[in-house]
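# Kindly generate the corresponding structure for this input.
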Amino acid sequence: MTANTRSSVLVMVGTTKGAFLFRDRGGRQAFEASGPVLAGSSVPSVAFDARGGRQRILAGASNFFFGTSVLHSDDLGQTWSEPIDGGNIRFPESAGASLTQVWQIRPATEAEPHVVYAGVEPAALFRSEDAGLTFSLVPGLWDHPHRPKWFPGNGGLGLHTILPDPNDPRRMLVAISAGGVYRTSDGGASWQPSNVGIRADFMPEGQRLPEYGQCVHKVARDPANPATLYLQNHGGLYRSDDDGMQWREMANGIPSDFGFPMVAHPRRSGTAYIVPLDGLGGRWTPDGRCRVYRTSDGGGSWQPLSDGLPQENAYITVLRDAFCADQMEQPGLYFGTRSGELYASFDDGERWRLLAEHLPPVLCVRAQALGD
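Here you go, the predicted model:
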């Protein structure tokens, strides 16, 4: 969707205690806040489905009483579907597994207008063919011989990244912590590990470039060159120019190669954004300074962006899905923090402003241009 400057933007923020919505009325000068919706539920995943004229918000919500479901709203968050007894996304009895949470919701491409994917914990991929109303397990990945050997990262064993190929609906890439990157070219019937070149520094000496088992944190696809991917690892930044077949490091001049999010500019090839964190145990912004780093040359170099962000005593954590871009002609950038702030930039990260504070810990942020 190509949106002009008169379009309004909806920013959807999932937190540990519900979701919050922020909407501007054009120009992104002022945002009206609403919520919490889904109050009391942990909402680690949100998506917006604009295909076929829909304006559907999808949210993966986990609740003490109702369990885990993918809920939806077709009126921009005013009303929501009710949780189904037992949930509309769950493992079949034969799988011998219980769903913990939905880490990722991803509508498929325009070629499959009713297909929605969900990545869950324990690591598995689910597919919906009714625009997110019901989901079924994708057996090809669940039955992969590597799966019993995947192990949870510090945040759990989650499938957190789903990247359909915009040119071929049979092709898709997923990432698992800690399992690594896997790809399919036959619609999910079979999957191949795609981790050549990615380090696993937590493994014993001599075993740090395994076939699988890397703790990949996030992968983003370049909009102009879909075979180009950018990856934030548990230590290490990587680029692939062959759809994940081979990876090479691109951590050049950043204070730490540890972090969680990786965001590709939605229009400009070679431009991506990260938020480095101290990887030695703090998991916060290095030196107590909140800085977003931008590359404009595909990882050849990185520029710190800090105007409007706290630069003293700012021990901030940004999680893997808490950073995103909208679809405007000049895309807006948005990130949320574990300490409950929501920041935005509308000039490529040069200047940032605070949109909200005192929210519950932010788990995910998504933004959608809504049109005129």
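# Leaving out sequence neighbours, find the closest residue to the most centrally placed residue in the chain.
In the chain, the C-alpha nearest the mean C-alpha coordinate belongs to Asp321, at 3.6 Å (CA atoms, centre = their mean). Ranked by CB to CB, 6 or more residues apart in numbering and with sequence neighbours excluded, the top spatial neighbour of Asp321 is Cys364, at 4.0 Å. Heads up, the C-betas are built off the backbone N, CA and C, glycines and all.
# May I ask you to confirm that the one you found is in contact with Ala47?
No: at 9.3 Å, Cys364 and Ala47 do not qualify as touching, with contact defined as CB atoms under 8 Å.
# Can you get me the start-to-end distance on stretch 139-157?
Using CA to CA, to the nearest Å, one end of stretch 139-157 lies 17 Å from the other.
# What of stretch 51-62?
Start and end residues of stretch 51-62 are separated by 26 Å (CA to CA).
# which residues of the stretch 101-250 of the chain fall in strands?
101-107, 116-121, 124-128, 136-137, 158-165, 168-177, 180-184, 192-193, 216-221, 229-233, 237-240, 248-249 (DSSP state E, counting those that start in this stretch).
# got JSON lines for those, with mean pLDDT too?
Listed next are the strands of the stretch 101-250 of the chain as JSON lines, based on pLDDT from 0 to 100:
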{"stretch": "strand 101-107", "mean pLDDT": "98"}
{"stretch": "strand 116-121", "mean pLDDT": "98"}
{"stretch": "strand 124-128", "mean pLDDT": "98"}
{"stretch": "strand 136-137", "mean pLDDT": "98"}
{"stretch": "strand 158-165", "mean pLDDT": "98"}
{"stretch": "strand 168-177", "mean pLDDT": "97"}
{"stretch": "strand 180-184", "mean pLDDT": "98"}
{"stretch": "strand 192-193", "mean pLDDT": "98"}
{"stretch": "strand 216-221", "mean pLDDT": "98"}
{"stretch": "strand 229-233", "mean pLDDT": "98"}
{"stretch": "strand 237-240", "mean pLDDT": "98"}
{"stretch": "strand 248-249", "mean pLDDT": "98"}
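# Could you list the low-pLDDT ranges of the stretch 1-150 of the chain?
Across the stretch 1-150 of the chain, the ranges flagged by pLDDT under 70 are 1-6.
# hmm, 90 instead?
1-7, 25-27, 29, 65-66, 83-87 (pLDDT under 90).
# Tell me where it has helices.
For the stretch 1-150 of the chain, the helices defined by DSSP state H, counting those that start in this stretch occupy 139-142.
# what does the stretch 151-300 of the chain give?
Taking DSSP H, counting those that start in this stretch, the stretch 151-300 of the chain contains no helices at all.
# can you pull the alpha-carbon coordinates of stretch 318-332 into CSV?
Presented in CSV, the C-alpha positions along stretch 318-332 are these (Å, rounded to 0.1, in the frame of the first residue of the first chain):
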residue,chain,number,x,y,z
VAL,A,318,13.5,-2.8,22.9
LEU,A,319,12.2,-6.3,22.1
ARG,A,320,12.3,-8.0,18.7
ASP,A,321,8.8,-7.0,17.5
ALA,A,322,8.6,-3.6,19.3
PHE,A,323,10.1,-1.6,16.3
CYS,A,324,8.4,-1.1,13.0
ALA,A,325,7.7,1.3,10.1
ASP,A,326,4.5,2.5,8.5
GLN,A,327,3.8,2.6,4.7
MET,A,328,3.7,6.3,4.1
GLU,A,329,5.7,8.0,1.3
GLN,A,330,8.1,9.2,4.0
PRO,A,331,7.8,6.2,6.3
GLY,A,332,7.3,6.8,10.0
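# List the buried residues in it.
Residues of stretch 318-332 classed as buried under the neighbour-count rule (16 or more other CB atoms under 10 Å) are 318-328, 331-332.
# for stretch 342-352, same thing?
Leu342, Tyr343, Ala344, Ser345, Phe346, Asp348, Gly349, Trp352.
# Helices - which of those land there?
With DSSP state H as the criterion, helices contain none of the buried residues of stretch 342-352.
# Next, give me the two most distant ones among those.
Farthest pair in the buried residues of stretch 342-352 (CB to CB) is Leu342 and Asp348. Separation: 18.4 Å.
# Show me the common contact partners of Cys364 and Ala47, please.
Shared contacts of Cys364 and Ala47, defined by CB atoms under 8 Å, 6 or more residues apart in numbering, are absent.
# circling back to that earlier point, phi, psi for the residue nearest to the centre of the chain please.
phi -110, psi 20 (degrees, to the nearest 10).
# how far away is it from Ile162?
11 Å (CB to CB, to the nearest Å).
# Please identify every residue contacting each of the two.
Counting by CB under 8 Å, 6+ apart, the residues touching both Asp321 and Ile162 are Gln104.
# ok so, going back, test of understanding: give the bridge partners of the residue nearest to Asp321.
On the basis of DSSP bridges, Cys364 takes part in beta bridges with Gly14, Asp321.
# so where's the stretch 201-350 of the chain uncertain?
Ranges of the stretch 201-350 of the chain meeting pLDDT under 90: 202-207, 279-282.
# Make JSON lines out of the strands of the stretch 101-250 of the chain and add distance to Ser42 and mean neighbour count.
Formatted as JSON lines, the strands of the stretch 101-250 of the chain follow (distance: least, CB to CB, whole Å; neighbours: other CB atoms under 10 Å):
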{"stretch": "strand 101-107", "distance to Ser42": "7", "mean neighbour count": "25"}
{"stretch": "strand 116-121", "distance to Ser42": "12", "mean neighbour count": "26"}
{"stretch": "strand 124-128", "distance to Ser42": "18", "mean neighbour count": "23"}
{"stretch": "strand 136-137", "distance to Ser42": "22", "mean neighbour count": "16"}
{"stretch": "strand 158-165", "distance to Ser42": "13", "mean neighbour count": "24"}
{"stretch": "strand 168-177", "distance to Ser42": "18", "mean neighbour count": "23"}
{"stretch": "strand 180-184", "distance to Ser42": "26", "mean neighbour count": "23"}
{"stretch": "strand 192-193", "distance to Ser42": "30", "mean neighbour count": "16"}
{"stretch": "strand 216-221", "distance to Ser42": "19", "mean neighbour count": "24"}
{"stretch": "strand 229-233", "distance to Ser42": "23", "mean neighbour count": "27"}
{"stretch": "strand 237-240", "distance to Ser42": "29", "mean neighbour count": "24"}
{"stretch": "strand 248-249", "distance to Ser42": "34", "mean neighbour count": "14"}
